[in-house]
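Turn this into a structure:
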Amino acid sequence: MLLGGQMRYLTILAVTSFLGTSLLFAADRPLASEAVESFAADRPLTSEAVESFAADRPLTSEAVESFAADRPLVSEAVNYLASDRLEGRLAGSEGNRLATEYLAEKLIQLGVKPLGRGYRQKFTIFTAMEKSGPNHLTFGNNGSKAPFEPLPLSASGSIGHLPIVFAGFGITTLPSKSDGFSYDDYSGVDVKGKIVAIFTSDPALGNENSPFRNPQYLNYRSISYKLKNAQTHGAAAVVLLNNPLSIGDLSQEEEPKFDGEAGGGERFDLLAGYSTNRWLNSILKRSTTLQLQQQIAQTSKPNSFVVGADLQGSVSVNLTRQTGQISNLVGVIPGSDPEHTKEVVVLAAHFDHLGYGSTVHGGDIGQINNGADDNASGSALVLDLAKQLVELKPQRTHLIVLFNAEEMGLLGARALVGGWSRYVESVGQIYAAINFDMVGRLKESLAVVATGSALQWGDYLAAVDSELTLSIQAPNISSSDHSIFIDSKIPSLFFTTGAHRDYHRATDDVEKINFTGIARISDFAFALLAHLDRETLPLTFDPSIDQDGAPDQGGGTYTTSLGCIPDFVGGAGQRGILCQGAVPGSPAASVGISKGDLVTKIGEIDIKSIYDLTFALKFYRPGDQVLLSWMRNGEEKKATIILVARQ
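Residues are numbered from 1 along each chain as shown. Predicted coordinates:
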């Protein structure tokens, strides 16, 4: 599951959930529990058996557990995908390639047909930044060298003899609607054209009562947010320091390390890198970094200032971007009813994870992050559903999708949804999508998220007989692949058992997986799919779905709308956001934005990527009048627009 532009923010899911499935067995002619247990242990249920033993009475809990435990495919898949051999399945790595080969072979064995010419849907991703020249931070009249390693998110270039400003945590919050709290590390200091030194994390560390403990402020800790905010305030360079309260003994602080695989290839228009508290303490005159952090934490107020009236610094960063190709795995179970076969139901889970960890995407750096729950569990569950659906022969076509590069920003989902138009004629329109991400820690309840994306989801879920407790959540949470479908107005659901202390840690291992729980979730999902398949009326997407279920990169969700419909595939290699068109009645439509236009600037914010667009729509408010810039056939166009509230 994604952590930022991060974006993967399921920490706010306070409840996890337990789903069991009594629907599949129960009797018009009741079986003894012993007979059910014997049958379930011997072989998986066929669709004929499911129909024969369909129920008005649930199985005993012993029989359910016996059946749920008998899923060798689920056990095999989780154990293989989360094994050390695959080294955390980082997109672009050898372990990720092995996972791709394994999953393709499983689709073949299950009898799932390929999409088009094969199961692999290739797309291009960033693989690494490589140092390609001098990378250093110097300061003072003598040009003393500080410990320094570049961030892969940095631009390349050199700046010299600029003032250094300490700017706390580099955070500028949006004023809270609930309590009026606001915080701005850049208030009262001018950082334009200067070097900014900032801490990682946020002011909550060291203050249990800090407003930053509220989940709505969680993602101001994102490195990408901090760099973008510094760029917005005009900084020429950012020097990141690990916040001293997280280090313990500052005399033992480690030297920064270069992590070329972090960041997903995004680059900001400033230079950036890591240094040490020891460096900043050597040039501070009246306090230490520890004292500064403690003061900010205790008061929840910024304490930013120019470091030394005459002190100047210089930064050089030289990096080269490397790319490569990876694949989603996409299989098809064709529909059996000619009237509904062109209605496509997507069942999805991502199979990539964090490899050896990174400073940007998370994970324990230097250790294998196996990602048993995140998301070997979801991948195994989707394979289990594919097995059952092949036997069922549903009337609608079902797409079995195992996404790659979810941890890099939902890239696999963007590639599939953005390029689906090429399959509409041969396969059909996407009717609905159900995403499974982190489903291996079932305890009390299962969270079913984004039920507000279709008017009928609530009724359909209620119609499935079950002993299970569901935590129904109507708002969307934008931290996993389903949100890309919702952005394209496709009814979607997200199943998860939620976050835990092993989330994005090397301790997310197989021995902590609740395999019986995965089987129960799979059975419930299969029962829901069977019910959905019997419904002949279309699902109705609800455009009023609340997108504020969780904050994404930058802290808080954005409430402002431009109206450009972004094309995530066609814009590859372009500096800007390529529009497929404009939402009728939107600010973009009011100035004539059309298919093929490339949005390059909103107000003072340059738009080079989807992250810039997201940031701009958080930075500006509904009612703000800004200058919009875009390119059309090589010609730059500009017009003033008034931004509106996101609907």
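
rest of the way, CA atoms for contacts and neighbours
Noted.

And the lengthiest strand in the chain, what does it pack against?
Longest strand in the chain, counting residues (DSSP state E): strand 319-333. Packed against strand 319-333 by the contact rule (3 or more C-alpha pairs under 8 Å, 6 or more residues apart in numbering; DSSP states H and E) you find helix 94-110, strand 113-114, strand 120-131, strand 397-403.

Quick one: residues contacting Ser132.
Applying C-alpha atoms under 8 Å, 6 or more residues apart in numbering to Ser132 gives the contacts Asn318, Leu319, Thr320.

what about the strands in the stretch 301-450 of the chain?
Taking DSSP state E, counting those that start in this stretch, the strands of the stretch 301-450 of the chain run over residues 305-306, 312-317, 319-333, 343-350, 397-403, 429-436, 446-449.

I'd like the ones you listed laid out as CSV, including mean neighbour count, distance to Ile247 and mean pLDDT.
Shown next, in CSV, are the strands of the stretch 301-450 of the chain (neighbours: other C-alpha atoms under 10 Å; distance: least, C-alpha to C-alpha, whole Å; pLDDT from 0 to 100):
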stretch, mean neighbour count, distance to Ile247, mean pLDDT
strand 305-306, 20, 23, 96
strand 312-317, 23, 25, 97
strand 319-333, 20, 28, 93
strand 343-350, 26, 33, 97
strand 397-403, 27, 36, 98
strand 429-436, 23, 36, 96
strand 446-449, 24, 35, 90
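
export those to JSON lines and tack on distance to Ile518?
What follows is these, written out as JSON lines (distance: least, C-alpha to C-alpha, whole Å):
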{"stretch": "strand 305-306", "distance to Ile518": "53"}
{"stretch": "strand 312-317", "distance to Ile518": "47"}
{"stretch": "strand 319-333", "distance to Ile518": "21"}
{"stretch": "strand 343-350", "distance to Ile518": "13"}
{"stretch": "strand 397-403", "distance to Ile518": "17"}
{"stretch": "strand 429-436", "distance to Ile518": "10"}
{"stretch": "strand 446-449", "distance to Ile518": "11"}
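
Tell me which of the ones you listed sits nearest to Gly157.
When the strands of the stretch 301-450 of the chain are ranked by distance to Gly157, counting by C-alpha to C-alpha, first place goes to strand 312-317 at 5.4 Å.

send the alpha carbons of the closest one over as CSV?
Output of strand 312-317 as CSV, limited to C-alpha atoms (Å, rounded to 0.1, in the frame of the first residue of the first chain):
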residue,chain,number,x,y,z
GLN,A,312,27.0,31.7,2.9
GLY,A,313,26.9,28.2,1.4
SER,A,314,27.2,26.5,-2.0
VAL,A,315,25.5,23.3,-3.3
SER,A,316,26.3,21.1,-6.3
VAL,A,317,24.1,18.1,-7.4
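
and it, which strands flank it?
Based on DSSP bridges, the strands next to strand 312-317 in the sheet, each with its direction, are strand 136-139 (antiparallel), strand 157-166 (antiparallel).

Of these, which is nearest Lys122?
strand 157-166 (32.7 Å).

those helices in the stretch 201-350 of the chain, which residues are they?
When assigned using DSSP state H, counting those that start in this stretch, the helices of the stretch 201-350 of the chain occupy the ranges 223-232, 277-283, 289-299.

now what about the second one, what contacts it?
Contacts with helix 277-283, where a contact means C-alpha under 8 Å, 6+ apart, come from Ala146, Pro147, Leu241, Asn242, Pro244, Leu250, Glu253, Ser287, Thr288, Thr289, Val307, Gly308.

any chance of those residues in CSV, plus neighbour count and pLDDT?
Formatted as CSV, the entries for those read as follows, by neighbours: other C-alpha atoms under 10 Å; pLDDT from 0 to 100:
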residue, neighbour count, pLDDT
Ala146, 17, 97
Pro147, 18, 97
Leu241, 22, 97
Asn242, 18, 94
Pro244, 22, 93
Leu250, 15, 89
Glu253, 14, 94
Ser287, 10, 93
Thr288, 17, 96
Thr289, 21, 97
Val307, 19, 96
Gly308, 13, 87
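
Return the closest of the residues you listed with respect to Ile472.
Nearest member of the contacts of helix 277-283 to Ile472, counting by C-alpha to C-alpha, is Asn242, at 38.4 Å.

residues in contact with that closest one?
Contacts of Asn242 were listed using C-alpha under 8 Å, 6+ apart, and they are Phe199, Thr200, Thr276, Asn277.

Hmm, which of those residues is lowest in pLDDT?
Across these, no position has a lower pLDDT than Thr200, which has 93.

Correct me if wrong: that one contacts Leu245.
No - taking contact to mean C-alpha atoms under 8 Å, the distance of 10.5 Å between Thr200 and Leu245 leaves them out of contact.

These two - which one has more neighbours?
In this view Thr200 and Leu245 are compared by other C-alpha atoms under 10 Å, and Thr200 has more residues nearby, 20 against 15.

re the thing from before, could you dump the strands paired with strand 312-317 to CSV with mean neighbour count, distance to Val510 and mean pLDDT?
Output for the strands paired with strand 312-317, formatted as CSV (neighbours: other C-alpha under 10 Å; distance: least, C-alpha to C-alpha, whole Å; pLDDT from 0 to 100):
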stretch, mean neighbour count, distance to Val510, mean pLDDT
strand 136-139, 21, 42, 97
strand 157-166, 20, 44, 96
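
Of all those strands, which one comes closest to Ala462?
Ala462 lies closest, by C-alpha to C-alpha, to one member of the strands paired with strand 312-317: strand 157-166, at 54.9 Å.

What lies in contact with the closest one?
Defining contact as C-alpha under 8 Å, 6+ apart, one finds that strand 157-166 is touched by 191, 193-198, 236, 271, 304-308, 310-318.

I'd like the next helix or strand past that strand.
Sequence-wise, the next helix or strand beyond strand 157-166 is strand 195-199, with elements assigned using DSSP states H and E.

List the pairing partners of that following strand within its sheet, with orientation.
Strand pairing for strand 195-199, determined by DSSP bridges: strand 157-166 (parallel), strand 237-241 (parallel).

Rebuild these as TSV, extending it with distance to Ala405.
Conversion of the strands paired with strand 195-199 to TSV gives the following (distance: least, C-alpha to C-alpha, whole Å):
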stretch	distance to Ala405
strand 157-166	29
strand 237-241	26
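
Quick one, which of those strands gets closest to Pro134.
Judging the strands paired with strand 195-199 by C-alpha to C-alpha, what sits closest to Pro134 is strand 157-166, at 9.3 Å.

and that closest one with helix 289-299, angle?
Between strand 157-166 and helix 289-299, the angle comes out at 60 degrees (axes from the mean of the first three to the mean of the last three C-alpha atoms, to 10 degrees).

Strand 157-166 to strand 319-333, inter-axis angle?
Computed by the same axes, to 10 degrees, the angle between strand 157-166 and strand 319-333 is 90 degrees.

How far away from the center of its chain is strand 157-166?
Taking the mean of its C-alpha atoms, strand 157-166 sits 33 Å from the chain's own mean (C-alpha atoms, centre = their mean, to the nearest Å).
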